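>>> My questions are about this predicted structure, shown below with the sequence.
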Amino acid sequence: MSLTEVLAAALALPAEERAELVRGLTQVADQPAPAAPLPIGVPIYGRGKGKVLYMAPDFDAPLEDLREYME
């Protein structure tokens, strides 16, 4: 169906149905466009935000295995 045919069919609707069609189209037009997906493999600041679910309380503690190198 071409755009001309769609517009002709919309203009042929009764006034109440045409108003309902306009309200529905307005609601669709007011919705934000979906965001473009992020490219894969390209480093983007903040891409990993929220992905770390758990971090041990002693995460920053010095490792016993490396103590001799720290002295």
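It's in. Here the structure is a predicted model, which means the values were calculated and not measured.
>>> what's the single longest helix in the protein?
What stands out as the longest helix in the chain, according to DSSP state H, is helix 15-30.
>>> Tell me which other helices or strands that one touches.
Other helices and strands packing on helix 15-30, by 3 or more CB pairs under 8 Å, 6 or more residues apart in numbering; DSSP states H and E, are helix 3-11. The C-beta positions use only the backbone N, C-alpha and C, and glycine is treated the same way.
>>> coming back round to it: how far off centre is the longest helix of the chain?
26 Å (CA atoms, centre = their mean, to the nearest Å).
>>> Over to stretch 17-33?
That offset, for stretch 17-33, works out to 22 Å (CA atoms, centre = their mean).
>>> Stretch 30-47 now?
With CA atoms, centre = their mean as the basis, stretch 30-47 stands 7 Å off its chain's centre.
>>> Same check on stretch 2-12?
Here stretch 2-12 is found 33 Å from its chain centre; the criterion is CA atoms, centre = their mean.
>>> Give the buried residues for it.
For stretch 2-12, the buried set under the neighbour-count rule, 16 or more other CB atoms under 10 Å, is empty.
>>> One more: stretch 38-51?
Buried residues in stretch 38-51 (16+ other CB under 10 Å): none.
>>> Return the distance of the spatially most central residue of the chain relative to Glu16.
Nearest to the geometric centre of the chain sits Ala35, at 4.9 Å (CA atoms, centre = their mean). Ala35 sits at a distance of 36 Å from Glu16 (criterion: CB to CB, to the nearest Å).
>>> And stretch 49-59, end to end?
18 Å (CA to CA, to the nearest Å).
>>> average pLDDT for it?
Averaging pLDDT along stretch 49-59 yields 89.
>>> That's all I had, so thanks and see you.
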